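> predicted model and sequence below, questions to follow.
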Amino acid sequence: MERNPKPVRMWIITCLLFILGQATENDRDFKMCGAWRHGSASRNLKYDLKTGCKEIEISANESTLSIQGSITAKCTQSSSINLKSNPLQNQSQFCVFWEPLLDLLIMQVNGKNHTLCRPNGLQGTCCTDLSPGDQETAALYGIVNGSIQGDTISYDVMEKYTFRGDTINCKKKFCDEASKKPCGANMIEEVVMKSNERGRVELPCAQSTVIEMKEGFTGLNFTLPAPRTLASNMIPSVYLPSCLKSKSRSTSKVVCTYYKDKALFQGGSSDAVLLDDIVGLSVENESIKNLSEPVRIRFHHSPLPTNHSRRCVSWDTRQYIEVNWTYDGCETVEIHDRETECSCNHLTYFAILVQVEQKATVRHLKALTFITAVGCAVSLVSCLVLFYWLCKRRGKKTQISLVHRGLVVAIFLLCLFFILAGALANVGDEIVCKITGSLLHYALLSTLCWMAMEVFHTFLLIRKVFNSTLPPWIFYLGGFGLPVLLVGILLLIGDIYGKRSIVPSDDVNNTYHMCWMLQNEKSLLAHYIINVGLLAVVVSSGSVMLFVVVSEIRNRPDWKKIHVAFLSIWGLTCLFGTTWSLGFLDFGPLSEAILFLFCIINSLQGFFLMLRYYALEQMKKKDRSISDGSSSGSSKQHMLQTHEKSLKKVW
């Protein structure tokens, strides 16, 4: 997954500015600034810091800027620092930064930082909420334009500022603040990195560890730090590959954080829900992407319902302050019903997203697949038998036999490639699946085209007295040639055929794979224009021709027999492809029944055509003597007899 480091850094900077820029009394960080008006002689910074939570004094005179008091948790420091003096300068800018969570105190004078208390790990109890106390004015030397968090306290020259604090549970308050921010997780990672701890870091909302990757790093598999109350078999584990170590650095630090508070990750999809466990991985001062070997995060969770899917997601920080969970860059490996592994080529925050509401599932997929496969197998055998009969019959060179044979071959190929499409999707590679999918599409289009040829030839038989004299290549061109052209164009366009995943609504974790048209915009457009368009033409023309043929033969004496009428209508319905119209009726309260009828009838189409041919042959044998005895008479009677024979061929 391509990630631009600059937007990521800008996102974090924007997030931190948003946090640190709030001038409220309960801010986690204390920032007091001002201008120190001093003399031209030597100057020094004096400090005397003790543990406790009483008060802190910031004062200044002609030669000394001092800070003293009791606000630290563990830091006890007392010393003096000589400052560089400039005889021409009688005023210096300074700021005092206090971060109670880390026990970190910094004094900045003229842009140079002096760390008076270094980070001492995350503190449980700390002194914060520093509020202004007593102030003392001065005549000439002291602090001018004193301010807190950018808000001016006094424009006058002050000798001393006093600030008092309160003792609180700093970790809990920090987590509460982080959960209210749109980038609370980044607050935690930043604090963990500042704490400079190599061991375990515990917070009520997260537990972190910092791992050092030194020269010769060969990879590491470890279990994340977690609350002691959590069972060990439910804690996520992480594998860091060797390629994570930068060759340009002797040592790199990886911050690994385990979150149990989803409130730190606000936003995301409304139709899905995150599992409780979230893992954050980052390398200090680096943006990690496109790893040659992925990091692997293994999550443990309770079994999910069969109608819920689970997928690995990562937090896309390209959206700046907006949270966006994305599937890009991660593969989901379902170990079993209680364990899922995420294999990702970048570092950020990772979680398992559970799809609550499935939108692209198929009802009764397992049953429909089984029914269609059995029907196709029966049709395969039936098409072989019917093709043999059509080649063996007398007058096999006639156009009607040619059209029938073309339709039989097309249905045979459709059934064959449908069975292969499901089998090869699980064992074949992408190229094999692409070829199989294109062949299946060709067989489908060829079947529809030969049904159109049946409709066209029936029109010639009914509306012309004599047999058509059209050359056979016209039918072959329409039945086999046109599909080759359409599939060839789609192959040139590219990204149309391949492995298609179909999700059953009753068990979303048991995905069915098939070599067919892919799920993208180009394939969807091709499906509606070619497949649905051609099907609409075949069904509409077949319905019209069915009505015309029934109107022509309904006055025949044999039509009065119910079984003959049923055989005629049903046979012509299969021949003209009007049974495929059920595909347009898959909606409403009867949609499931129609879906089953569609699969049963159309998968057995080869079998129904074989039965039709066999029944018609038996009927022709019974009245062949009557038909042969009517060969003499006038020209007009001969034309009527020829027309009658044409109707018999259609029938």
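Nice, I can see it.
> make it CA atoms for all contacts and neighbour counts henceforth
Will do.
> what is whatever helix or strand Y442 lives in packed up against?
Under the criterion of DSSP states H and E, Y442 resides in helix 430-463. Judged by 3 or more CA pairs under 8 Å, 6 or more residues apart in numbering; DSSP states H and E, helix 430-463 is in contact with helix 399-427, helix 482-493, strand 497-504, strand 512-517, helix 533-553, helix 562-576, helix 635-650.
> distance between the second one and the chain's centre?
Its chain's C-alpha centre and that of helix 482-493 lie 30 Å apart, by CA atoms, centre = their mean, to the nearest Å.
> which elements pack onto it?
Counting by 3+ CA pairs under 8 Å, 6+ apart, the packing neighbours recorded for helix 482-493 are helix 430-463.
> can you tell me what sits against stretch 96-110?
Stretch 96-110 has contacts (CA atoms under 8 Å, 6 or more residues apart in numbering) with 28-33, 72-75, 92-95, 113-124, 126-128, 170-171, 174, 191, 194-195.
> how about P236, what does it touch?
Counting by CA under 8 Å, 6+ apart, P236 touches T223, L224, D277, V279, I297, R298, F299, H300.
> how close does it get to I297?
Separation of P236 from I297 (CA to CA, to the nearest Å): 7 Å.
> do the same with N86
57 Å.
> looking at these two, which one has more neighbours?
I297 (24 against 14; other CA atoms under 10 Å).
> ok, now which ones touch that one?
I297 touches P236, S237, V238, Y239, V279, E341, C342, S343, counting by CA under 8 Å, 6+ apart.
> can I get those in TSV with secondary structure?
As requested, these are exported to TSV (DSSP: H, G, I helix; E, B strand; the rest coil):
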residue	secondary structure
P236	coil
S237	strand
V238	strand
Y239	strand
V279	strand
E341	strand
C342	strand
S343	strand
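> burial count for Q91?
For Q91, using other CA under 10 Å, the count is 18.
> so it versus C391, what's the distance?
According to CA to CA, Q91 stands 109 Å off from C391.
> ok, back up a step: now the angle from the helix holding Y442 to helix 533-553?
Relative orientation of helix 430-463 versus helix 533-553 (axes from the mean of the first three to the mean of the last three CA atoms, to 10 degrees): 30 degrees.
> which is the next helix or strand following helix 430-463?
helix 472-476.
> what does that next one contact?
Q399, L402, V403, G406, M453.
> pairing partners for P504 in the sheet, please.
Beta-bridge partners of P504, counted by DSSP bridges, are V362.
> that one reaches L368, doesn't it?
No: using CA atoms under 8 Å as the test, P504 is too far from L368 to be in contact (10.5 Å).
> looking at these two, which one has more neighbours?
P504 (21 against 18).
> relative to N510, how far out is that one?
Per CA to CA, P504 is found 7 Å from N510.
> for D134, same thing?
71 Å.
> out of the two, which sits in the more crowded spot?
For D134 versus N510, the count of surrounding residues by other CA under 10 Å is larger for N510: 15 against 10.
> hang on, the more buried one in a strand?
No: going by three-state DSSP, the assignment for N510 is coil, not a strand.
> and the end-to-end length of stretch 389-401?
End-to-end span of stretch 389-401 (CA to CA): 10 Å.
> neighbours around Q618, how many?
Neighbours around Q618, by other CA under 10 Å: 10.
> so which bits of the strand or helix carrying it are buried?
Secondary structure assignment for Q618, by DSSP H and E: helix 605-628. Going by neighbour count (16 or more other CA atoms under 10 Å), the buried part of helix 605-628 is Q605, G606, F607, F608, L609, M610, L611, R612, L616.
> which other helices and strands contact the helix or strand hosting T332?
For T332, the host element (DSSP H and E) is strand 330-336. In terms of contacts (3+ CA pairs under 8 Å, 6+ apart), strand 330-336 is packed against strand 309-315, strand 339-344.
> CSV for the ones you listed, including mean neighbour count and mean pLDDT?
Putting the helices and strands packed on strand 330-336 into CSV (neighbours: other CA atoms under 10 Å; pLDDT from 0 to 100) gives the following:
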stretch, mean neighbour count, mean pLDDT
strand 309-315, 22, 85
strand 339-344, 22, 92
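> how long is stretch 511-530 from one end to the other?
OK, stretch 511-530 end separation, CA to CA: 27 Å.
> so what touches it?
Here stretch 511-530 makes contact (CA under 8 Å, 6+ apart) with 421-426, 433-434, 436-438, 440-441, 490, 495-504.
> quick one: distance of it to the chain centre.
Worked out by CA atoms, centre = their mean, stretch 511-530 lies 17 Å from the chain centre.
> buried ones in that stretch?
Buried residues in stretch 511-530, counted by 16+ other CA under 10 Å: T511, Y512, H513, M514, C515, W516, M517, L518, Q519, S523, A526, H527.
> from the residues you listed, which two are the most distant?
Within the buried residues of stretch 511-530, T511 and A526 form the most distant pair, 24.1 Å apart (CA to CA).
> among the contacts of stretch 96-110, which lie within strands?
30-33, 72, 92-95, 113-117, 126-128 (DSSP state E).
> please indicate which of those residues are buried?
30-33, 72, 92, 94-95, 116-117, 126-128.
> please list all residues in contact with D276.
The neighbours of D276, taking CA under 8 Å, 6+ apart as the test, are K260, D261, K262.
> so which strand or helix has it?
Counting by DSSP H and E, D276 is found in strand 272-283.
> ok, then the element right after that strand?
With elements assigned by DSSP H and E, the helix or strand that comes after strand 272-283 is strand 295-300.
> buried stuff in that following strand?
V295, R296, I297, R298, F299, H300.
> okay, now the sheet partners of that strand, with direction.
If you go by DSSP bridges, strand 295-300 pairs up with strand 237-240 (antiparallel), strand 339-344 (antiparallel).
> just want the angle from it to strand 272-283.
Using the same axes, to 10 degrees, the direction of strand 295-300 lies 140 degrees away from that of strand 272-283.
> show me the contacts for the most centrally placed residue in the chain.
Here the mean C-alpha position of the chain is nearest to the C-alpha of Y327 (CA atoms, centre = their mean), at a distance of 4.1 Å. Contact partners of Y327, counting by CA under 8 Å, 6+ apart, are R311, C312, V313, S314.
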